[in-house]
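Student: Pasting the sequence and the predicted model now:
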Amino acid sequence: MHTINPSKLHHSKWTAVAPRNKEKHFIVTQLLRDEEDNVVDVVLEAVHSHRETILPWQRLKDDSVWKMGWQ
């Protein structure tokens, strides 16, 4: 598992371990916060298609799904 500081995820780059629809490389374009200013979700944008996906930031810790950086 990755050690991640959720406040520093903005503009970070990620690689999907099992790409779908030719979408392998992603960049965090937005951090979604709750009323206490804690990061809850991230918006990931696929570099290839520009499709956006919202997911809980904790999912990026899963090494079997995401790799840090573009690989």
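Tutor: Received, thanks.

Student: which residues in this protein form strands?
Tutor: Assigned by DSSP state E, the chain shows strands spanning 13-20, 23-33, 39-46, 52-56, 66-68.

Student: Mind putting these into a markdown table with mean neighbour count?
Tutor: From N, CA and C alone the C-beta is placed, and that goes for glycine too. Below are the strands of the chain laid out as a markdown table (neighbours: other CB atoms under 10 Å):
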| stretch | mean neighbour count |
| --- | --- |
| strand 13-20 | 13 |
| strand 23-33 | 16 |
| strand 39-46 | 19 |
| strand 52-56 | 12 |
| strand 66-68 | 16 |
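
Student: do you know which of those lies nearest Thr3?
Tutor: Across the strands of the chain, Thr3 has its closest neighbour in strand 66-68 (10.1 Å, CB to CB).

Student: So which other helices or strands are in contact with the closest one?
Tutor: If you count contacts as 3 or more CB pairs under 8 Å, 6 or more residues apart in numbering; DSSP states H and E, strand 66-68 packs onto strand 13-20.
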